[in-house]
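*Asks:* just the structure for this:
(4 chains, ligands or ions: 4)
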There are 2 protein chains.
Amino acid sequence: MNLQDQLNHNGLRLTHPRQVVMSVLEAANIPLSPQSIHQRSLEAQEEIGLVSVYRTLDLLTELGLVRRVHGHEECQGYVLASPGHHHHVVCRQCEAAVEFTGMEDVSLLVERIQAQTGFTIDEHLLQFYGLCPACQEEVER
Amino acid sequence: MNLQDQLNHNGLRLTHPRQVVMSVLEAANIPLSPQSIHQRSLEAQEEIGLVSVYRTLDLLTELGLVRRVHGHEECQGYVLASPGHHHHVVCRQCEAAVEFTGMEDVSLLVERIQAQTGFTIDEHLLQFYGLCPACQEEVER
DNA sequence: ATCCTTATTGAAAACGTTTTTCAATAAGGA
DNA sequence: TCCTTATTGAAAAACGTTTTCAATAAGGAT
Ligand SMILES: [Mn+2]
Ligand SMILES: [Mn+2]
Ligand SMILES: [Zn+2]
Ligand SMILES: [Zn+2]
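*Replies:* Ligands and ions are numbered 1, 2, ... in the order given. Predicted coordinates:
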């Protein structure tokens, strides 16, 4: 099921702004703010409104096609998300954001925290920061 | 070494706004935004400027006395932080934020992601969301 | 206790981001 | 091709944060 169908199925429409936002995110491999998505769309000669970027990001996030990435300061970075449970490693030099799969994940840690605190935990926020392979080489030189 | 000394030691001063922000954070057990810290200080008859709240939060964060908590929407929640490596479990009903210690933590996970992605990881963002013991009981009823 | 230096404050204005509003547009089913 | 209505985008409003700068007060020195 493609985006077209996924939208129409819910009474939604595949519009130009939505296509543009998707393609900007597909072209980038780093988290982009609403502003920079808008800027990149203009640079690509695709004139869409900033308001539509905001609305589209909300929608795509709702649909699980896009995920928000929290930087240290900036918390408005959006990246394309593959379906399923994922997290991101973000390069603190080039900002490259790479997904990694959950697997056994933090489940052991969750068990321990639940026992220690009495909380029931049903969700988590997990991100790693460091240097991507390319930026490591740069530093070595 | 108390706050007074810790500040003076760096040529900084223990001022009224700084004391108020600290005491508001000490009184609350939930993450507070700059705005709500300001509001609570006014309610406590302690008239300080909103600008000072912002500046004080930056300073206290710098000193490691305060930590930022990322909610799903709101990413400007500040809580008092004990020294050392900690994370938070946040109740999604009453917003209570409880610290837990790192311990072996996510080190195994980090190892795996480093191997998988080639990144070198030196930092992480980790938070859990769920229900605190008190709010669990409420739900049961 | 008083003085002096200067770190800090807070009101106001500037600023950047996000949301709301609403008439005009275009997506897509009929 | 037509019709309904989901969606757009310009403009304005709302919002949160930062900058500016003269007035203030913290705290070391005398
Ligand atoms: Mn996970
Ligand atoms: Mn940790
Ligand atoms: Zn990199
Ligand atoms: Zn609770």
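
*Asks:* pairing partners for the residue positioned nearest the centre of chain A in the sheet, please.
*Replies:* By CA atoms, centre = their mean, chain A has its centre lying nearest to A:V79, at 2.7 Å. The partner list for A:V79 in beta bridges (DSSP bridges) reads A:R67.

*Asks:* my guess is it contacts A:H88. True?
*Replies:* Yes: with contact defined as CB atoms under 8 Å, A:V79 counts as touching A:H88 (6.9 Å). Using the backbone N, CA and C atoms, a C-beta is placed for each residue, glycine as well.

*Asks:* need the residues touching each of these two.
*Replies:* A:67, A:69, A:97 (CB atoms under 8 Å, 6 or more residues apart in numbering or on different chains).

*Asks:* and the residues you listed as a markdown table, adding neighbour count, distance to ligand 2 and pLDDT?
*Replies:* Supplementary listing: these in a markdown table, determined by neighbours: other CB atoms under 10 Å in any protein chain shown; distance: CB to the ion, whole Å; pLDDT from 0 to 100:
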| residue | neighbour count | distance to ligand 2 | pLDDT |
| --- | --- | --- | --- |
| A:R67 | 19 | 21 | 95 |
| A:V69 | 21 | 18 | 95 |
| A:A97 | 22 | 20 | 96 |
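
*Asks:* and which of those is nearest to ligand 3?
*Replies:* A:A97 (9.8 Å; CB to the ion).

*Asks:* near ligand 3, which residues of chain A show up?
*Replies:* Contacts of chain A with ligand 3, taken as CB under 5 Å from the ion, map to A:91, A:93-94, A:96, A:132, A:135.

*Asks:* and those residues, which of them are in helices?
*Replies:* Those of those mapping onto helices are A:C135, per DSSP state H.

*Asks:* the residues of chain A next to ligand 3, buried ones only, as a ChimeraX selection?
*Replies:* The buried residues among the residues of chain A next to ligand 3 can be selected in ChimeraX (16 or more other CB atoms under 10 Å in any protein chain shown) with this line:
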select /A:91,96,132,135
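
*Asks:* now, which of the residues of chain A next to ligand 3 sits nearest A:N29?
*Replies:* The closest of the residues of chain A next to ligand 3 to A:N29 turns out to be A:A96 (CB to CB; 5.6 Å).
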